[in-house]
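Trainee: Sequence first, then the predicted structure, then my questions.
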Amino acid sequence: MSSFKVFDIAGSALSAQSVRMNTVASNLANANTVTGDKDKVYKARYPVFETVTAAARPGDAGAAVRVTDVIESEKPALARYEPGNPVADAQGYVYAPDINAVEQMVDMIAASRSYQNNIEVMNSSKEMLLATLRLGQ
């Protein structure tokens, strides 16, 4: 395995965690949005990760990751009776997405830690490569 493959693998993780952070940000931004039509309610989004194994790259012991899809939640909209709300339907209901902010924050922290860990992998690998280059001095 080439010493430079570590950058490809860690880079794939950085890209995947960026997508994860973007979906969390979108979910949190829309957690309190309401509409008068339950079919138009924002649905939480979640990335689907897939391992890119070494079998696809002979002689390579590493496994990268990629985002294969971003799926929408199947949770039904939450109905709230708010007859004074200007977007309420004829029965006085507004519909909000079923997004748990605490779960989203935990996902955000996990994505952030994973991102930081992969930055550390890249920094450590860079330092090792530089130390190797200094051997001949």
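Mentor: Noted; the coordinates are in hand. Because the structure is a prediction, the values reported are computed rather than measured.
Trainee: For the residue most central in space within the chain, list the residues it contacts.
Mentor: Nearest to the geometric centre of the chain sits R20, at 0.7 Å (C-alpha atoms, centre = their mean). By C-beta atoms under 8 Å, 6 or more residues apart in numbering, the contact set of R20 is 47, 107, 111. In short, each C-beta sits where N, CA and C put it, glycine included.
Trainee: show me where pLDDT drops low in the protein?
Mentor: Applying pLDDT under 70 to the chain flags residues 1-3, 54-60.
Trainee: circling back to that earlier point, ok, of the contacts of R20, which one's closest to L28?
Mentor: D107 (9.7 Å; C-beta to C-beta).
Trainee: so where does the residue lying closest to that closest one once chain neighbours are set aside fall, helix or strand?
Mentor: The spatially closest residue to D107, leaving aside those adjacent along the chain, is V24, at 5.3 Å (C-beta to C-beta, 6 or more residues apart in numbering). In the assignment (DSSP states H and E), V24 maps to helix 5-29.
Trainee: That helix: what's the following helix or strand?
Mentor: strand 45-52.
Trainee: That next one packs against which elements?
Mentor: helix 5-29, strand 64-72 (3 or more C-beta pairs under 8 Å, 6 or more residues apart in numbering; DSSP states H and E).
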